[in-house]
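Novice: Quick check, what structure comes out for this input:
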Amino acid sequence: MLLSAGMGIGLVFWSVAEPINHLIQPSPMFSGIASNSPEAAQAAMSNTFLHWGIHPWAIYAIVGLGLAFFSYNKGLPLTIRSVFYPIIGNKIYGLWGNLIDTLAVLATLTGLATSLGLGVSQVNAGLNHLFGVEISTSIQVILVVVITGLATISVIKGLDGGVKKLSEINMIVAGIFMLLILIIGPTIYIFSGFTQNIGHYFANFIEMSLWTETFKGTNWQGTWTIFYWAWWISWSPFVGMFIARVSKGRTVREFIMGVIVVPTIASFIWMSVLGGTSIFQRINGVGDIASYIMVDESLAMFAMLDNLPMSTILSIVGMILIVIFFVTSSDSGSLVVCNLTSGGKLDSPVKQRVLWAVMEGLIAATLLIGGGLTALQTASIITGLPFTLILLVMTYSLFVGLKQEYKIESAVNKEVKIAENKHVMNEVISSVVHDEALIDKEPIEK
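Specialist: Presented below is the predicted three-dimensional model:
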């Protein structure tokens with residue numbers, strides 16, 4: 001469910017398009033690397049790992065942990081405002097709390113609209129690739145309407161009846177799709193590349209994380225890293241709340257492992273299989289993925305699949321996967337927005353869920369009509385930046401809350417330990433007194 005709701009559509013859309021883009025135009029951070037070279041291939045995968053690895057899941061973990069802690073441990077409503085209780089106290093129920101939740105709703109709607117826009121663009125590209133359907137905004141708007149209708153049916157069924165079942169189906173289809181590509185693609189290249197790319201990623205992790213192009217005079221990050229960070233931040237209220245809802249009863253350690261470590265590894269494997277296959281094809285002159293990307297990035301995955309056996313079947317499965325990811329993201333997002341707008345109620349009215357599902361589709365369609373992918377990226381950045389300030393304060397508030405909890409638990413444990421020591425001491429004294437009484441009686445009995 002985490003991967004389906006967290007970044008499923010993005011993983012499918014960018015798994016081929018991003019590595020190939022970085023292969024053709026390497027990041028300025030890696031100076032002196034020639035386009036389409038082995039060095040460019042390794043740098044391409046490291047940059048892809050940077051954008052889809054630890055960083056986004058760490059953002060989700062902060063929001064999810066804050067929501068889960070203050071809701072389940074402190075009994076506060078399951079809304080973003082509750083995380084700020086250590087700082088503003090009962091003011092979370094007033095103007096400041098309303099403002100925080102409003103920003104969270106706006107960020108969530110825009111982040112979802114970006115993902116849904118990418119999803120229908122890729123479905124349209126798949127229909128064009130397989131059946132010659134025209135790639136146009138009108139077709140994409142029709143697809144938004146149809147798939148939003150499916151999402152509305154799912155959202156009516158709720159978390160267990162709709163989202164959970166779809167997520168399980170999604171993971172099965174995604175697993176089969178990835179395994180097929182791994183088996184019929186360059187298997188040894190993918191496995192060996194995965195190992196080497198992990199090493200290169202961690203070797204350059206700090207530098208890539210803190211690199212700002214200061215001494216390069218370029219704007220590479222504006223197109224890639226800044227867009228991704230803004231997208232993840234705008235998604236964080238939605239994904240964080242979704243994670244919190246499905247994580248009740250977990251320890252903090254289990255939560256961190258489940259939200260950061262496991263999804264990061266899964267994302268790396270996915271990107272290595274699809275991205276590694278596309279890079280192998282590009283370097284070895286199999287097909288011409290680059291020309292497709294220059295026309296439309298949504299065609300990238302289908303261009304890669306064209307160079308594999310069973311290409312038609314794989315392309316159909318890929319489109320089904322995108323549609324299910326679309327529906328899962330939309331219905332889970334609708335449930336989260338309902339929570340935010342109803343003060344943390346988990347069982348919001350069906351009409352309200354339907355309203356937000358339709359609203360998400362309308363926003364996605366509007367952004368597609370207004371400027372396509374560029375409009376989607378711009379909207380994410382615009383809403384992500386203000387919520388960044390909220391996220392920074394939220395991190396501090398979570399730290400304060402956990403620190404207070406630690407002090408309380410330490411004091412309680414100390415009292416328990418003292419009580420246990422007293423109990424043990426009383427038992428020892430009682431035993432000693434009993435033994436002395438027996439010793440005193442011995443001479444008399446004799």
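
Novice: Tell me where the model's unsure across the stretch 101-250 of the chain.
Specialist: Low-confidence segments of the stretch 101-250 of the chain, defined by pLDDT under 70, are located at 158-164.

Novice: mind running it again at 90?
Specialist: Along the stretch 101-250 of the chain, the parts satisfying pLDDT under 90 run over 102-123, 126-132, 135, 137, 144-174, 215-219, 222-223, 226-249.

Novice: quick one, helices of it?
Specialist: Along the stretch 101-250 of the chain, the stretches classed as helices by DSSP state H, counting those that start in this stretch are 137-158, 165-184, 187-203, 205-210, 220-223, 225-245.

Novice: now the ones you listed as JSON lines including mean neighbour count and distance to residue 292?
Specialist: Using the backbone N, CA and C atoms, a C-beta is placed for each residue, glycine as well. Conversion of those to JSON lines gives the following (neighbours: other Cβ atoms under 10 Å; distance: least, Cβ to Cβ, whole Å):
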{"stretch": "helix 137-158", "mean neighbour count": "19", "distance to residue 292": "18"}
{"stretch": "helix 165-184", "mean neighbour count": "16", "distance to residue 292": "17"}
{"stretch": "helix 187-203", "mean neighbour count": "15", "distance to residue 292": "21"}
{"stretch": "helix 205-210", "mean neighbour count": "12", "distance to residue 292": "27"}
{"stretch": "helix 220-223", "mean neighbour count": "15", "distance to residue 292": "19"}
{"stretch": "helix 225-245", "mean neighbour count": "25", "distance to residue 292": "21"}
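
Novice: Which stretch among the ones you listed approaches residue 78 most closely?
Specialist: Taking Cβ to Cβ, helix 225-245 is the member of these nearest to residue 78, at 6.6 Å.

Novice: what separates that closest one from the chain centre, distance-wise?
Specialist: On the basis of Cα atoms, centre = their mean, to the nearest Å, the separation between the geometric centre of helix 225-245 and that of its chain is 6 Å.

Novice: how about it as CSV, C-alpha atoms only?
Specialist: Listed in CSV are the C-alpha atoms of helix 225-245, where the atom choice follows Å, rounded to 0.1, in the frame of the first residue of the first chain:
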residue,chain,number,x,y,z
THR,A,225,15.9,17.8,-8.0
ILE,A,226,13.9,20.9,-7.0
PHE,A,227,10.9,19.6,-8.9
TYR,A,228,11.2,16.3,-7.1
TRP,A,229,11.7,17.7,-3.7
ALA,A,230,8.7,20.1,-4.1
TRP,A,231,6.6,17.1,-5.4
TRP,A,232,7.5,14.9,-2.5
ILE,A,233,6.8,17.7,0.0
SER,A,234,3.5,18.5,-1.6
TRP,A,235,2.7,14.8,-1.3
SER,A,236,3.9,14.4,2.3
PRO,A,237,0.5,15.3,4.0
PHE,A,238,-1.3,12.8,1.9
VAL,A,239,1.3,10.0,2.1
GLY,A,240,2.2,10.8,5.7
MET,A,241,-1.4,10.5,6.9
PHE,A,242,-1.9,7.4,4.8
ILE,A,243,1.2,5.8,6.4
ALA,A,244,0.0,6.8,9.9
ARG,A,245,-3.4,5.2,9.3
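
Novice: tell me what the helix or strand following that helix is packed against?
Specialist: Proceeding N to C from helix 225-245, the next assigned helix or strand is helix 252-256, under DSSP states H and E. With contacts defined as 3 or more Cβ pairs under 8 Å, 6 or more residues apart in numbering; DSSP states H and E, helix 252-256 has these neighbours: helix 54-68.

Novice: which of the residues in the helix it packs on are buried?
Specialist: Neighbour-count burial for helix 54-68, with 16 or more other Cβ atoms under 10 Å as criterion, is recorded at 54-57, 59-68.

Novice: And for stretch 353-365?
Specialist: Applying 16+ other Cβ under 10 Å to stretch 353-365 flags 353-361, 363-365 as buried.

Novice: re earlier: who wins for proximity to residue 109 among the helices of the stretch 101-250 of the chain?
Specialist: Nearest of those to residue 109, taken as Cβ to Cβ: helix 225-245 at 8.8 Å.

Novice: secondary structure element for residue 86?
Specialist: Residue 86 is part of helix 85-88 when elements are defined by DSSP H and E.

Novice: Show me how far that helix is from its chain's centre.
Specialist: Counting by Cα atoms, centre = their mean, helix 85-88 is centred 26 Å from the centre of its parent chain.

Novice: how about residue 418, what does it touch?
Specialist: If you count contacts by Cβ atoms under 8 Å, 6 or more residues apart in numbering, residue 418 has none.

Novice: Identify the residues contacting the helix holding residue 86?
Specialist: Residues external to helix 85-88 that are found in contact with it (Cβ under 8 Å, 6+ apart): 70, 74, 76, 92, 96-97, 393, 396-397, 400-401, 404.

Novice: Noted, bye for now.
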